[in-house]
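Enquirer: Return a 3D structure for these sequence lines:
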Amino acid sequence: MVIGLITDFGNNFYTGIMKGVIKNINNNVSIIDIDNNIPKFSILSGSYVLYTSYEWMPKKAILLAVVDPGVGTERRALILETKNYYFVGPDNGLLYESAINDGIVSMHEIEIEKLNNLLRNKYDLNINISRTFHGRDVFAPSAALLSLNENISLFTKNIDKIVELKILDYIKEDNKIYLKVIYIDDFGNVVLSSKFNNLNIKDSKVVKIIRNGSEIGIKVGEKFADVNEGELLIYENSFGFAEIAMNKGNASKFLGLKIGDEVIISH
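Expert: The predicted structure is shown next:
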């Protein structure tokens, strides 16, 4: 069994502790660090990384995703069973797009008291639930129990609705397309909230990006080498999304873009 881990915890001991909790419950499970450097508090970026990653995991893998700025509040803790995977994480929209895409079979809310009783009585593990680290205290144990094929009804209840957050989100009006920035990678490449093919700009040579009232011409290409060094291009990235990059440069800094910003394409 495989657990794939996505968090915004960065390079520190939080993810190591989560893995330790998992291994305490199931020492035979394999854990893949997909990405623990999601931009802090960015549910949108976490959703994109999960959406573009989960299908590359083995079938029946457990996707454990924790980008949880609402930890300790009334937000629910989820397990979503889909056709091919399990998704574990907070009910803040993080899991929504991926689970919908794979096809939801059942939705469950983790019941913390039942979870604690099960861990204490069957696995001799006592966890005092903190208000700020549900990754360790709720989500990691739940993922570990799933990896052992534990009866999910022992620590969850069925639900029929979850928080929705769409990463595929754009509006077309006349010759303009309104999008938002959903992810920026370490190269400064800017991922937009649409599949490239939906924009219908493939046959265009140049489109205009409207940002803060200013227009910038950007070439439409397929690869970075289609433009000179320091030039911008828009293209289909390796996951099918529309992406803006600068050949051997940083598009996000050049354009002054950050996650959540609106981008308008005119063609």
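Enquirer: Could you use CA atoms for every contact and neighbour count after this?
Expert: Fine.
Enquirer: so what's residue 60 up against?
Expert: 1, 2, 84, 85, 86 (CA atoms under 8 Å, 6 or more residues apart in numbering).
Enquirer: partner residues bridging the second one?
Expert: Pointing back at residue 2 there. residue 30 (DSSP bridges).
Enquirer: That one touches residue 59, doesn't it?
Expert: No - contact criterion CA atoms under 8 Å: residue 2 and residue 59 do not qualify, at 9.0 Å.
Enquirer: May I ask which of the contacts of residue 60 has the most neighbours?
Expert: Taking other CA atoms under 10 Å as the neighbour criterion, residue 86 ranks highest of the contacts of residue 60 with 25 neighbours.
Enquirer: how far away is the nearest residue to that one once chain neighbours are set aside from residue 97?
Expert: Spatially, and ignoring its direct neighbours in sequence, residue 86 is nearest to residue 62 (4.7 Å; CA to CA, 6 or more residues apart in numbering). Using CA to CA, to the nearest Å, residue 62 is found at 16 Å from residue 97.
Enquirer: Please spell out which residues along stretch 163-172 are buried.
Expert: 165, 167, 170 (16 or more other CA atoms under 10 Å).
Enquirer: Skipping its backbone neighbours, what lies nearest the last one in space?
Expert: Taking CA to CA, 6+ apart as the measure, residue 170 lies nearest to residue 179, with 4.8 Å between them; neighbours along the chain are not counted.
Enquirer: what are the C-alpha coordinates of the lowest-mean-pLDDT helix or strand in the chain, in PDB please?
Expert: Lowest on mean pLDDT, DSSP states H and E among the helices and strands of the chain sits strand 206-211, with a mean of 91. Only the C-alpha atoms of strand 206-211 are listed here, as PDB (Å, rounded to 0.1, in the frame of the first residue of the first chain):
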ATOM      1  CA  VAL A 206       0.500  36.100 -30.300                       C
ATOM      2  CA  VAL A 207      -2.000  36.900 -27.600                       C
ATOM      3  CA  LYS A 208      -2.300  39.900 -25.200                       C
ATOM      4  CA  ILE A 209      -2.200  39.600 -21.500                       C
ATOM      5  CA  ILE A 210      -4.000  42.300 -19.700                       C
ATOM      6  CA  ARG A 211      -2.600  43.000 -16.300                       C
END
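Enquirer: Give the partner strands of that strand in its sheet and their orientations.
Expert: According to DSSP bridges, strand 206-211 forms sheet pairs with strand 214-220 (antiparallel), strand 262-266 (antiparallel).
Enquirer: Tabulate these (CSV), appending mean pLDDT and mean neighbour count.
Expert: Converted to CSV, the strands paired with strand 206-211 look like this (pLDDT from 0 to 100; neighbours: other CA atoms under 10 Å):
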stretch, mean pLDDT, mean neighbour count
strand 214-220, 93, 16
strand 262-266, 94, 19
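Enquirer: Look up how far residue 233 lies from residue 261.
Expert: Applying CA to CA to residue 261 and residue 233 gives a distance of 18 Å.
Enquirer: Looking at those two, which is more packed in?
Expert: residue 233 (25 against 13).
Enquirer: Quick one: classify that one as helix, strand or coil.
Expert: Under DSSP: H, G, I helix; E, B strand; the rest coil, the three-state class of residue 233 is strand.
Enquirer: and the spatially closest residue to it that is not a sequence neighbour, what are its bridge partners?
Expert: Once flanking residues are discounted, residue 233 sits nearest to residue 219: 4.7 Å by CA to CA, 6+ apart. Note on residue 219: beta-bridge partners residue 206, residue 233, judged by DSSP bridges.
Enquirer: ok so, going back, looking at the strands paired with strand 206-211, which is closest to residue 43?
Expert: Between residue 43 and the strands paired with strand 206-211, the shortest separation by CA to CA is 16.6 Å, and it involves strand 262-266.
Enquirer: which residues sit against the closest one?
Expert: Contacts of strand 262-266 from elsewhere in the structure, counted by CA under 8 Å, 6+ apart, are 175, 176, 177, 178, 179, 180, 181, 207, 208, 209, 210, 211.
Enquirer: count of neighbours near the second one?
Expert: Going back to what we said before, that points to residue 176. 16.
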